[in-house]
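**Q** the sequence and its predicted three-dimensional model are supplied below.
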Amino acid sequence: MKKIIILLLISFPDIAFSQNVGIGTTTPVTKLNIVGGSSSPAFPGVTSTALFRIGVGTAEGIDFGKMGSSPFSAWMQAGLNGAISDPLSLQPLGGNLGIGTVSPAEKLDVTGNINVTGTIKANGVDGTANQVLMKNSGGILAWGDMCEYKNFVSFPISGSSTWTVPAGVTKILVEVWGAGGGGNLLAGGGGGGYIKAHFTVTPGSVINYTIGTGGTGAVASSAVTGEVSTCTVNGNNLQATGGQGALYLSATNGQGGNGGSWSIIGVSNYIGSRGSPGESQQRSFSQFDAATFYERGEAGKGGNAANSNNTGGLGQYYLYNNTGSTLIYRNGNPSSGLQPGGGGSSGIQFGATALGGGNGGSGLITIYY
């Protein structure tokens, strides 16, 4: 029967047959129905495990098969001599390819999940550890870092020194905080200023910096202003000025120090912000009974440094019996500002006791690279 069908096809190539043709089955269900034993994939060679082959020689081609056991996968494999794999092209002249869809809208359109056990390359380039796929500035898919800077170093100790750009580093981000101002008896000191900027650098180049010292607190006088912190990169000078020390105007009149600011020379791409001012001491008086009078007080808080939270010295509370000249409650002493650049709190006074304000916190420089 097979020979007759082949003979008819050869002899009458223009005749259309409405019957189905079967190989390995007497009940074909499609125009061409091939039935054979189940098999696992193998490279095409002079022998084959496939149901059928399309090829250009006896030892090479594309074999098609179907597994008869789990996972019952249908397969195709291109190869040569039973050992060599050949590439397989789908839609080599154009057109979209769909998996799970009959209307693919892209070169590869998959409806469902994708599982990759190897790696993914973007435009022929594999990523490195901790990188993610993203579009670069040219709109091209590429591997990149979510964080542009993988390392950082901070300089917390007041004074001047240098830092050398490590090998392989060509870009840095510098943050500079000025020192906090001191508080006095009546008000808190201001928080230090802040500035941040990017720089292109050369490995091995030297960066000079100075960390400002916090201003000293005072009692019945104006407190000391915090020092400036500076960082010089490629001749460009970043400065974060210190918070102002609390002002002493009279025995009953003080003013919180203003927050520090910033300045920069030679750079247009930067962010700068001012520190917050110090707060004044608060006092109130009340009558406890017909013969007893109380005084309540709270030290003024020191200003927070710019771009930081809760660095200003905290104000302390007290309750004082003016009639009996007795301190009923106090929750601590006036406090100094925290690094970076917090202003010192104001002092407190009750009866004949006057406690001066806290010192300002030192400045800080952090370099990300």
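**A** Here it is on my side, so go on.

**Q** ranges for the strands of the stretch 251-369 of the chain?
**A** 253-255, 262-265, 270-273, 282-289, 292-298, 317-321, 326-330, 348-350, 353-355, 364-368 (DSSP state E, counting those that start in this stretch).

**Q** out of the ones you listed, flag the one nearest residue 66.
**A** Closest to residue 66 of the strands of the stretch 251-369 of the chain is strand 364-368 (CB to CB; 57.8 Å). C-betas here are computed from N, CA, C, even on glycine.

**Q** now do the closest one: everything it contacts.
**A** With contacts defined as CB atoms under 8 Å, 6 or more residues apart in numbering, strand 364-368 is touched by 149, 151-156, 163, 172-177, 207, 209, 211, 229, 231, 339-341.

**Q** and the residues you listed, which are buried?
**A** Among these, those buried by neighbour count (16 or more other CB atoms under 10 Å) are 155, 163, 172, 174-177, 207, 209, 211, 229, 231, 339-341.

**Q** what's the closest of those residues to residue 35?
**A** Of these, the one sitting nearest to residue 35 (CB to CB) turns out to be residue 172, at 70.0 Å.

**Q** what's across from that closest one in the sheet?
**A** Beta bridges link residue 172 to residue 199, judged by DSSP bridges.

**Q** pretty sure residue 76 sits in a helix.
**A** No: under DSSP: H, G, I helix; E, B strand; the rest coil, residue 76 sits outside any helix and is assigned strand.

**Q** what is the neighbour count of it?
**A** Applying other CB atoms under 10 Å, we find 12 other residues in the vicinity of residue 76.

**Q** residues contacting it?
**A** Taking CB under 8 Å, 6+ apart, one finds 62-65, 88 in contact with residue 76.

**Q** repeat that with 10 Å
**A** The contact partners of residue 76, taken as CB atoms under 10 Å, 6 or more residues apart in numbering, are 41, 50, 54, 62-65, 88.

**Q** same check, this time on residue 348
**A** Contacts of residue 348 were listed using CB under 10 Å, 6+ apart, and they are 185-186, 281-283, 297-300, 315-318, 320, 330, 332-334, 354-357.

**Q** and the residues you listed, which are buried?
**A** Buried by 16+ other CB under 10 Å: 185-186, 281, 283, 297-300, 315-316, 318, 320, 330, 334, 355-357, out of the contacts of residue 348.

**Q** and residue 323, how far from residue 283?
**A** Distance of residue 323 to residue 283, given as CB to CB, to the nearest Å: 16 Å.

**Q** middle-most residue in the protein, spatially?
**A** residue 147 (4.7 Å; CA atoms, centre = their mean).

**Q** residue contacts, that residue?
**A** By CB under 10 Å, 6+ apart, residue 147 lies in contact with 130, 368.

**Q** what's the pLDDT at it?
**A** With respect to pLDDT, residue 147 has a value of 76.

**Q** swap in the one 4 residues further on?
**A** Per-residue confidence for residue 151 comes out at a pLDDT of 94.

**Q** quick one, what contacts it?
**A** Residue 151 is in contact with 166, 169, 172, 367-369, counting by CB under 10 Å, 6+ apart.

**Q** of these, buried ones?
**A** Buried by 16+ other CB under 10 Å: 169, 172, 367-369, out of these.

**Q** check which helix or strand residue 183 maps to.
**A** Under the criterion DSSP states H and E, no helix or strand holds residue 183.

**Q** contacting residues around it?
**A** Counting by CB under 10 Å, 6+ apart, residue 183 touches 189-190, 215-218, 223, 245-246, 254, 256-257, 278-279, 281, 299-303, 312-313, 315, 334-337, 343-347, 356-360.

**Q** same thing with residue 111?
**A** For residue 111, the contact set (CB under 10 Å, 6+ apart) comprises 98-104.

**Q** can you report phi and psi for it?
**A** Dihedral angles of residue 111 (phi, psi; degrees, to the nearest 10) stand at phi -100, psi 110.

**Q** tell me how far it lies from residue 101.
**A** Counting by CB to CB, the gap from residue 111 to residue 101 is 5 Å.

**Q** what residue ranges in this protein are flagged as low confidence?
**A** 1-18 (pLDDT under 70).

**Q** show me where it has helices.
**A** 2-11 (DSSP state H).

**Q** residue ranges of the strands in the stretch 1-150 of the chain, please?
**A** For the stretch 1-150 of the chain, the strands defined by DSSP E, counting those that start in this stretch cover 21-23, 32-34, 52-57, 60-66, 74-80, 84-85, 97-99, 108-110, 121-122, 125-126, 132-135, 141-144.

**Q** of all these, which one is nearest residue 238?
**A** Per CB to CB, nearest to residue 238 of the strands of the stretch 1-150 of the chain: strand 141-144, 27.3 Å.

**Q** and that closest one, what does it pack onto?
**A** Strand 141-144 makes packing contacts with strand 121-122, strand 125-126, strand 132-135 when contacts are defined by 3 or more CB pairs under 10 Å, 6 or more residues apart in numbering; DSSP states H and E.

**Q** pairing partners for that strand, with directions?
**A** Strand 141-144 pairs in its sheet with strand 132-135 (antiparallel), by DSSP bridges.

**Q** contacts for the strand it pairs with?
**A** So strand 132-135 is contacted by 120, 122, 127, 140-146 (CB under 10 Å, 6+ apart).

**Q** ok, stretch 45-64 next?
**A** By CB under 10 Å, 6+ apart, stretch 45-64 touches 23-24, 32, 34-44, 65-66, 74-84, 86, 88.
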